[in-house]
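In: Below are the sequence and a predicted model; questions follow.
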Amino acid sequence: MNDNNKRLLDAYIEKINDQLIKLTENKPQLQRAVVDAMEYSLTAGGKRLRPVLMLEFYRMCGGERLDDIVKLACSVELIHTYSLIHDDLPCMDNDDYRRGKSSCHKAFGEDIALLAGDALNTLAFEVIAESAIEGVIPPERAVMLTSVLAKAIGTDGMIGGQVIDLETEDEEISIETLNTLQSCKTGALIEAACVMGVVISGRMELIPAAADYAAAMGRAFQIVDDILDVTGTFEELGKPIGSDEQQHKNTYVTLLGLERSKQIAAQLTVQSLAALRGFENNEFMYELTQDLLERRS
Ligand code: GRG
């Protein structure tokens, strides 16, 4: 990534991080345990990819009020963090580490971690509603954002994907089923982030192009995630490697092998870049998408 784009990415991440801290401050003492757990997971690191996508799609659609939109962009990071907390629970993937730290339930106990995930989920929708109440976006756009996000994380999206994942452990599935699992579990929230950026800008005619971009990029992202689970290190990923194999998960690597997975991720990246052609000022997004293919974390 060139220096200008790196500066833009760092500026986005700084604004997102500042806003995420604000979202959990000033909460009453009695509820402090759950708020501490939310804050712990929100500030544990992470690439902030989903809010960056939302901000960039808004900007590529000609949006100029980026500072006003940061809080809205945090809605997808709140959902993402909730999904990671729940994903790590003993009844799900039972992972002890996340983002280089003890997972939420290891630090706060299962009960508080479960509630912290639930509260982050709720807070995401509170943020969207508040953006209309505060006059940041028109109410009809807030309703549309609510609809896009809710669909992306429900039974047709993230939760549905998680169910397919759980129910197909220990059995070999087809590549078609793996594609469906991935589109729901990882792809749907990534797509929602891109589409929500477009919705905020009001350029509704660009929604299909944003969805096309996200479908290809989201799959490439998951394939790289699967590759890194085999080729990465604890230091890079912030969690133990080899967990997919240990848990008998179906992944692109277990089904197609490392080399074929790398080829497909590269092809999907090219496909996603083509979908960016309809957007103005797409240089940053172009580079970010290429960098995601080479990422090590
Ligand atoms: C309601 C019980 C219940 C569960 C919610 C757990 C769940 C449903 C869904 C799991 C979704 C999930 C964890 C998908 C994995 C997606 C993925 C590739 C995560 C890693 O994303 P990165 O690399 O992580 O963006 P960072 O840490 O950088 O933010």
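Out: Received it, and whenever you're ready, just let me know what you need.

In: in the stretch 1-150 of the chain, which spans are strands?
Out: 97-98, 101-102 (DSSP state E, counting those that start in this stretch).

In: Only alpha carbons, please: show whichever strand or helix holds residue 265 as CSV.
Out: Assigned by DSSP states H and E, residue 265 belongs to helix 258-275. Output of helix 258-275 as CSV, limited to C-alpha atoms (Å, rounded to 0.1, in the frame of the first residue of the first chain):
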residue,chain,number,x,y,z
LEU,A,258,-3.2,-25.2,-0.2
GLU,A,259,-2.2,-24.4,-3.8
ARG,A,260,-5.7,-24.6,-5.3
SER,A,261,-7.0,-22.4,-2.5
LYS,A,262,-4.3,-19.8,-3.2
GLN,A,263,-5.2,-19.8,-6.9
ILE,A,264,-8.9,-19.4,-6.2
ALA,A,265,-8.3,-16.5,-3.7
ALA,A,266,-6.2,-14.7,-6.4
GLN,A,267,-9.0,-15.2,-9.0
LEU,A,268,-11.7,-13.9,-6.7
THR,A,269,-9.5,-10.9,-5.8
VAL,A,270,-9.3,-10.1,-9.6
GLN,A,271,-13.1,-10.5,-9.8
SER,A,272,-13.7,-8.2,-6.8
LEU,A,273,-11.4,-5.5,-8.3
ALA,A,274,-13.5,-5.6,-11.5
ALA,A,275,-16.6,-4.8,-9.5
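
In: Flag every buried residue along that helix.
Out: 261, 262, 264, 265, 268, 269, 271, 272, 273, 275 (16 or more other Cβ atoms under 10 Å). For every residue, glycine as well, the C-beta is placed using N, CA and C.

In: Stretch 179-186 now?
Out: Going by neighbour count (16+ other Cβ under 10 Å), the buried part of stretch 179-186 is 180, 181, 182, 183, 184, 185, 186.

In: With respect to residue 110, which of the buried residues of helix 258-275 is nearest?
Out: When these are compared for distance to residue 110 (Cβ to Cβ), residue 261 wins out at 33.7 Å.

In: What separation is there between the residue nearest in space to the middle of the chain and residue 188?
Out: In the chain, the residue lying closest to the centroid (Cα atoms, centre = their mean) is residue 50, at 4.5 Å. According to Cβ to Cβ, to the nearest Å, residue 50 stands 11 Å off from residue 188.

In: What pLDDT does the model give the one residue in the chain that gets nearest to the ligand?
Out: Residue nearest to the ligand within the chain: residue 46 (3.1 Å; Cβ to the nearest ligand atom). Listed pLDDT for residue 46 reads 93.

In: what's it in contact with, if anything?
Out: 77, 80, 81, 99 (Cβ atoms under 8 Å, 6 or more residues apart in numbering).

In: now residue 168
Out: 177, 181, 250.

In: what residues does the stretch 101-250 of the chain put near the ligand?
Out: 158, 159, 162, 185, 186, 222, 225 (Cβ under 6 Å from any ligand atom).

In: Mind telling me the two of these farthest from one another?
Out: 159 and 225 (18.6 Å).

In: circling back: kindly reformat the buried residues of stretch 179-186 as a markdown table containing pLDDT.
Out: Shown next, in a markdown table, are the buried residues of stretch 179-186 (pLDDT from 0 to 100):
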| residue | pLDDT |
| --- | --- |
| 180 | 97 |
| 181 | 97 |
| 182 | 97 |
| 183 | 97 |
| 184 | 98 |
| 185 | 97 |
| 186 | 97 |
